[in-house]
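1. Sequence plus predicted model, see below.
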Amino acid sequence: MIRILVVDDSAFMRKVITDLIAKMPGIELAGVARNGKAAVDFVKADSELDLVLMDVEMPLLNGLEALKQIKQFSSVPVVMLSALTNQEVTIEALESGATDFVEKPTNIMAIKDDWIREFFAKIKAASRQQRRPLSRRREVAPTATTSGQVKTSLELRRNLKAVVIGSSTGGPRALLHLITALPARLAVPVIIVQHMPKGFTKTFAERMDAEAKPKVSEASDGMLLKNEVYLAPGDYHMVIKDGRLHLNQEPKMHGTRPAVDPLFDSAAAYYGQNLVGIILTGMGKDGAEGMGTILAKGGYTIAQDKDSCVVFGMPRSAIEKGVVNEVLSLDQIRIKLEELVR
């Protein structure tokens, strides 16, 4: 049974969320709190919590500050409830340790089934986040998972033309960790799909651009690829054709748009053996097919290891499919990526 604390200053929103939780199998309401201070006190008193679902804007102590305090003494997963107007604070919350966020429904009087399905999926995924001691870090040796030989950065750099990256739950924090290690001048473009709603991707791209040395942009249709970092916009699939990024609103894949597979498939078709694909933390199996396409075209594939993932779903799907050359921790991917693009 997944035990959840719901934190929101709006009595109506608390009622909406708790009523939804009551209908979801395997989930139990552990309690409610009206502000961030009450949430911090509740988490301190209840060590058996599986998840905190917390509003961003609240009196006494807002969701961001409450999150930061909780993360000082607990590894309980925290999912933020965010309105579209809270984009910047939401991105900062993800950077500060929030597992994920759920965009509040635009019409809480008529919540759509798609929203409910996504809400439930995110709660289930976040609750499975590995609870680790706060200070624990460990190094793991690189692991080859196919019969293909593990290649050094030097070997891969010789003919490298691009790097593509896919991520979902836990991805924003992981991506910030990677992108901030890159040099100001890149030898190849780095192209990213992160599962994130429309509006939030622009804010996230701006956040990465502010913190990283190379230029980071939210992609636009027809954008010419340069040796910079590009992020797919929310609600659009992104593909590569003729050296440009193209956006479309074809049906969702794996329940999401943007999806990783369209980018990976198109990049493999365009760059062939001169491509490196990286799959990071996230729920589901998006990216596994695309990793297979990259490998089949002679490219090289890397997956994040279980211990450094927030949710191991996407990397695990690719590994189990047998389409990963190398499994690395997030810190090892950070080092390898920096070596590849300099």
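-> Sure, I can see it.
2. Gln273 should be in a helix, yeah?
-> Yes: the assignment for Gln273 is a helix, going by DSSP: H, G, I helix; E, B strand; the rest coil.
3. From here on, call the first residue 27.
-> Got it, first residue is 27 now, which makes that one Gln299.
4. Setting aside sequence neighbours, what's the nearest residue to it?
-> Nearest non-adjacent residue to Gln299, counting by Cβ to Cβ, 6 or more residues apart in numbering: Gly324, 3.1 Å away. Yep, even glycine has a C-beta here, placed from its N, CA and C like the rest.
5. Repeat that for Val66.
-> Gln95 (5.0 Å).
6. Please tell me I have it right and the residue nearest to Gln299 contacts Val302.
-> No: the criterion here is Cβ atoms under 8 Å, and Gly324 misses it with Val302 at 11.4 Å.
7. the more surrounded of those two?
-> Val302 (29 against 13; other Cβ atoms under 10 Å).
8. one step back: tell me which residues of the strand or helix carrying the residue nearest to Val66 are tucked away?
-> For Gln95, the element it lies in under DSSP states H and E is helix 89-99. The neighbour-count criterion (16 or more other Cβ atoms under 10 Å) identifies Gly89, Leu90, Glu91, Ala92, Leu93, Lys94, Gln95, Ile96 as the buried residues of helix 89-99.
9. Let me have these in JSON lines, adding pLDDT and distance to Leu363 as columns.
-> Below are the buried residues of helix 89-99 laid out as JSON lines (pLDDT from 0 to 100; distance: Cβ to Cβ, whole Å):
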{"residue": "Gly89", "pLDDT": "95", "distance to Leu363": "31"}
{"residue": "Leu90", "pLDDT": "95", "distance to Leu363": "29"}
{"residue": "Glu91", "pLDDT": "97", "distance to Leu363": "32"}
{"residue": "Ala92", "pLDDT": "97", "distance to Leu363": "33"}
{"residue": "Leu93", "pLDDT": "97", "distance to Leu363": "28"}
{"residue": "Lys94", "pLDDT": "97", "distance to Leu363": "28"}
{"residue": "Gln95", "pLDDT": "98", "distance to Leu363": "32"}
{"residue": "Ile96", "pLDDT": "97", "distance to Leu363": "30"}
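10. need those in a markdown table with distance to Lys311, can you?
-> Shown next, in a markdown table, are the buried residues of helix 89-99 (distance: Cβ to Cβ, whole Å):
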| residue | distance to Lys311 |
| --- | --- |
| Gly89 | 31 |
| Leu90 | 32 |
| Glu91 | 36 |
| Ala92 | 33 |
| Leu93 | 29 |
| Lys94 | 33 |
| Gln95 | 35 |
| Ile96 | 31 |
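11. helix/strand/coil for Asp45?
-> helix.
12. Please name every helix or strand in contact with the helix holding Gln95.
-> helix 62-71, strand 77-81, strand 104-108, helix 113-121 (3 or more Cβ pairs under 8 Å, 6 or more residues apart in numbering; DSSP states H and E).
13. Now do that helix: everything it contacts.
-> 33, 61-63, 65-66, 69-70, 78, 80-84, 87, 102, 104, 106-107, 115, 118-119, 122-124, 160 (Cβ atoms under 8 Å, 6 or more residues apart in numbering).
14. run the last query once more with 7 Å
-> The set of residues external to helix 89-99 that reach it, using Cβ atoms under 7 Å, 6 or more residues apart in numbering, is 62, 65-66, 69-70, 78, 80-83, 102, 104, 106, 115, 118-119, 122-124.
15. Can you flag the buried ones in the residues you listed?
-> Among these, those buried by neighbour count (16+ other Cβ under 10 Å) are 62, 65-66, 69, 78, 80-83, 102, 104, 106, 115, 118-119, 123-124.
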